[in-house]
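Okay, predicted coordinates and the sequence, questions at the end:
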Amino acid sequence: MPIVTVKMLEGRTDEQKRELVEKMTEAVTSTTGADAERVSVVIEEMQPQNFGKAGVRASDQ
């Protein structure tokens, strides 16, 4: 049972998340041969102040 976790900054629409889940499921089924019913996708959203890159928080950019 493949489980895919996607971590991203909050702010995407419900439709964008729906499409992400659909396409991640398609990618996993086509590359691993797993049935779509067995693929789980977890979206973990972070607030911009809780993520930084190159020493700068996303909320400070």
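Cool, got the structure.

Going by C-alpha atoms from here, please, whenever you check contacts or count neighbours.
Noted.

Report pLDDT for the nearest residue in space to D35 that is not next to it in sequence.
Closest residue in space to D35, ignoring its immediate chain neighbours: T29 at 6.1 Å, by CA to CA, 6 or more residues apart in numbering. As summarised for this prediction, T29 has a pLDDT of 98.

quick one, what contacts T29?
Taking CA atoms under 8 Å, 6 or more residues apart in numbering, we find T29 in contact with 35-36, 39.

Just the C-alphas of the helix or strand hosting it, formatted as PDB.
Taking DSSP states H and E as the definition, T29 sits inside helix 14-32. Extracted as PDB, the C-alpha positions of helix 14-32 are listed here (Å, rounded to 0.1, in the frame of the first residue of the first chain):
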ATOM      1  CA  ASP A  14      -9.400  22.800  -2.700                       C
ATOM      2  CA  GLU A  15      -9.500  22.100  -6.500                       C
ATOM      3  CA  GLN A  16      -5.700  22.300  -6.700                       C
ATOM      4  CA  LYS A  17      -5.400  19.800  -3.800                       C
ATOM      5  CA  ARG A  18      -8.000  17.500  -5.500                       C
ATOM      6  CA  GLU A  19      -6.000  17.600  -8.700                       C
ATOM      7  CA  LEU A  20      -2.700  17.000  -6.900                       C
ATOM      8  CA  VAL A  21      -4.200  13.900  -5.200                       C
ATOM      9  CA  GLU A  22      -5.500  12.600  -8.500                       C
ATOM     10  CA  LYS A  23      -2.200  13.100 -10.400                       C
ATOM     11  CA  MET A  24       0.000  11.700  -7.500                       C
ATOM     12  CA  THR A  25      -2.200   8.600  -7.500                       C
ATOM     13  CA  GLU A  26      -1.900   8.300 -11.300                       C
ATOM     14  CA  ALA A  27       1.900   8.600 -11.100                       C
ATOM     15  CA  VAL A  28       2.200   6.000  -8.400                       C
ATOM     16  CA  THR A  29      -0.100   3.500 -10.200                       C
ATOM     17  CA  SER A  30       1.700   3.900 -13.500                       C
ATOM     18  CA  THR A  31       5.200   3.500 -12.000                       C
ATOM     19  CA  THR A  32       4.600   0.800  -9.400                       C
END
